[in-house]
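>>> can you look at this prediction? I've put the sequence above it.
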Amino acid sequence: MSAADFPDQPPLGHNKLPATIENVDHLLRSADISVRYNVIKKKDELSIPEHQGTSDNLDNVTLTKIVSLASKNGMPTGLISDLVQAIADRNAYNPVADWIKSQPWDGIDRLPAIFDTVVATDDYPVTLKTVLMRKWLLSAAAAVLVPTGFKCRGVLTLQGAQGIGKTSWVKSLVTDANLRDDVVKLDHHLDAGNKDTILGAITNWIVEIGELESSFRKDIARLKGFLTTDADRVRRPYGRRESEYPRRTVFLATVNDANFLTDTTGNSRWWVIPVRELNYEHGVDMQQLFAQLAIDLDAGAQWWLTEDEEIMLESLNRRHQTVSAIAEKLAEYVDQDDISEKRVANVTTTEMLELMGYKQPTNPQMKECAAALRDLIGESKRINGFNRWRVPLKEPTADVWQPIDKRQITEEKY
């Protein structure tokens, strides 16, 4: 290529072409080299015609060839990598959005067909299953089609026996095999405090959280915050500084154990469907289904639950909460059938635990007891300087219980 064809010429008195975005862009187009930024994978993609070598190092090798070409044409090479990145960013693309928009919706409603692929247990409301599935699929479409401000509101959680095809069903959501391999992450171990697992998640469109129980053993408050944030601030490998990326990922969890929810402060982020059967060979055209949902989004459809839907979900999610030893023991002492005033005791968590045989209750035990009492009775009240529950005690417990108001104890926070 001729130096005279480059848009930015050397200053007077110099003979080297300046390394500018315009000159590097001309160099790339002349050599038929393509550079673009994948907003889902959060990486620059470089391709060169008739590449010889492995695909493992394609991007690095292509960048090296670009640097070599720049040097041959008299350009300084120190900034070439940064300039290529700027050009790639100008050519950003979203492979999932492109797939969804690749064919216009043909007008056939495919949502009932995909709803039928998930058969919930007999005691689970079909209406709620439909709501959760539709709004989660809407959120998946919104993640790649809504320009700014998207955040995931819930994690669709399929709970059912091992071997019924939960992970295979997740795979069936993207029918383009090449795209699926690039943007669907299966059985991902997510630790919200670990940068590598975060980066592994947010560089995909759909992420199946594996080992959910293990994730719960970490900082669950941080996990819940991470799942529903609208942006991620991380530094990519070999990046010079942190960048903030709009969230373009939705999460789905699969779990075998029925009692897996450990958080006592609310589980509305987990959109649990207890599953009896799954059809992962359904043949539903998922490109057309997401094209249909794209039209719904344009019409203002919301991908988050209403207040009534959240209340129903929270109620059903209680079936999936782990039952602690303290909660089980409380059931032996609390009479929920007869709440006659004569057997109601105003107790602190310390008093309740001591009554049940815990001689020196620890803070975690008191917190656990408080959560169990809230589930059984409701919130505590401030009585005589302490947080107390009005607990209807079973006989003969009510006859032997004595309050410890006069004892010097630490103020209860639970």
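Everything's here; your move. Numbers count the residues shown, from 1 in each chain.

>>> for the nearest residue in space to Thr148 that is not next to it in sequence, grab phi and psi.
When the adjacent residues along the chain are set aside, Thr148 lies closest to Pro246, with 6.2 Å between them (Cβ to Cβ, 6 or more residues apart in numbering). Placement of C-beta: from N, CA and C, glycine included. The main-chain torsion angles of Pro246 are listed as degrees, to the nearest 10 and equal phi -60, psi 140.

>>> give me the pLDDT value at Pro246.
pLDDT, Pro246: 95.

>>> buried residues, stretch 186-200. List them.
Taking 16 or more other Cβ atoms under 10 Å as the basis for neighbour counts, the residues of stretch 186-200 that come out buried are 186, 188, 190-192, 198-199.

>>> pLDDT on that stretch, on average?
Here the average pLDDT along stretch 186-200 is 91.

>>> what does stretch 375-393 give?
Confidence over stretch 375-393, taken as the mean pLDDT, stands at 86.

>>> same question for stretch 324-336.
The predicted model gives stretch 324-336 an average pLDDT of 83.

>>> same question for stretch 84-97.
96.

>>> ditto for stretch 285-300
Over the span of stretch 285-300, the pLDDT mean works out to 98.

>>> can you check stretch 23-37 too?
Confidence for stretch 23-37, expressed as mean pLDDT, is 94.

>>> how far off centre is that stretch?
On the basis of Cα atoms, centre = their mean, to the nearest Å, the separation between the geometric centre of stretch 23-37 and that of its chain is 36 Å.

>>> of the buried residues of stretch 186-200, just say which sits nearest to Ala70.
Distance to Ala70 across the buried residues of stretch 186-200 (Cβ to Cβ) is lowest for Leu199, with 30.1 Å.

>>> and the strands in the stretch 301-414 of the chain?
344-347, 381-383, 386-392 (DSSP state E, counting those that start in this stretch).

>>> so which of those strands gets nearest Asp123?
With Cβ to Cβ, the closest approach to Asp123 among those belongs to strand 386-392: 28.5 Å.

>>> tabulate the strands of the stretch 301-414 of the chain (CSV), appending distance to Thr62 and mean neighbour count.
CSV is the format used below for the strands of the stretch 301-414 of the chain (distance: least, Cβ to Cβ, whole Å; neighbours: other Cβ atoms under 10 Å):
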stretch, distance to Thr62, mean neighbour count
strand 344-347, 71, 19
strand 381-383, 68, 11
strand 386-392, 65, 20
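
>>> okay, now the domains of the protein?
Listed by automatic domain parsing, the domain ranges of the chain are 3-90, 95-320, 325-400.

>>> worst mean pLDDT among these?
Set side by side, those show their lowest mean pLDDT on domain 325-400, which sits at a mean of 82.

>>> got the contact list for the lengthiest strand in the chain?
Taking residue count as the measure and DSSP state E as the definition, the longest strand of the chain comes out as strand 270-278. Strand 270-278 has contacts (Cβ atoms under 8 Å, 6 or more residues apart in numbering) with 117-122, 124, 129, 132-133, 135-136, 154-160, 164-166, 168-169, 253, 258, 261, 313, 316-317, 319-320.

>>> what subset of these is buried?
Applying a neighbour-count criterion of 16+ other Cβ under 10 Å, the buried members of these are 117-120, 124, 129, 132-133, 135-136, 154-160, 164-166, 169, 253, 258, 261, 313, 316-317, 320.

>>> in helices, which of those residues fall?
129, 132-133, 135-136, 166, 169, 313, 316-317 (DSSP state H).

>>> reformat the residues you listed as a markdown table; add distance to Ala372.
A markdown table is the format used below for those (distance: Cβ to Cβ, whole Å):
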| residue | distance to Ala372 |
| --- | --- |
| Lys129 | 29 |
| Leu132 | 27 |
| Met133 | 32 |
| Lys135 | 31 |
| Trp136 | 31 |
| Lys166 | 30 |
| Trp169 | 35 |
| Leu313 | 21 |
| Leu316 | 19 |
| Asn317 | 16 |
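
>>> show me what contacts the closest residue to Val183 other than its chain neighbours?
The spatially closest residue to Val183, leaving aside those adjacent along the chain, is Trp205, at 4.0 Å (Cβ to Cβ, 6+ apart). Taking Cβ under 8 Å, 6+ apart as the contact definition, Trp205 lies against 40, 96, 140, 143-144, 183-184, 248-250.

>>> for Ala140, same thing?
When the contact criterion is Cβ under 8 Å, 6+ apart, the partners of Ala140 are 173, 205-206, 250, 290, 293.

>>> for PyMOL, what selects the buried ones among those residues?
A single PyMOL command selects the buried members of these (16+ other Cβ under 10 Å):
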select buried, resi 173+205+206+250+290+293
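
>>> restricted to helices, list the contacts of Ala140.
Using DSSP H, the contacts of Ala140 in helices are 290, 293.

>>> out of the contacts of Ala140, which one sits closest to Ile80?
For these, the closest approach to Ile80 (Cβ to Cβ) belongs to Trp205, at 31.1 Å.

>>> from Thr157, how far out is that closest one?
In this structure, Trp205 and Thr157 are separated by 18 Å, where distance is defined by Cβ to Cβ, to the nearest Å.

>>> with Thr322 instead?
Distance, Thr322 to Thr157, using Cβ to Cβ: 15 Å.

>>> now do Leu46
In this structure, Leu46 and Thr157 are separated by 38 Å, where distance is defined by Cβ to Cβ.

>>> as CSV, the buried residues of stretch 186-200 with secondary structure would be great.
Listed next are the buried residues of stretch 186-200 as CSV, based on DSSP: H, G, I helix; E, B strand; the rest coil:
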residue, secondary structure
Leu186, strand
His188, strand
Leu190, coil
Asp191, coil
Ala192, coil
Ile198, helix
Leu199, helix
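
>>> quick one: Lys129 from Ile114, how far?
Distance of Lys129 to Ile114, computed by Cβ to Cβ: 11 Å.
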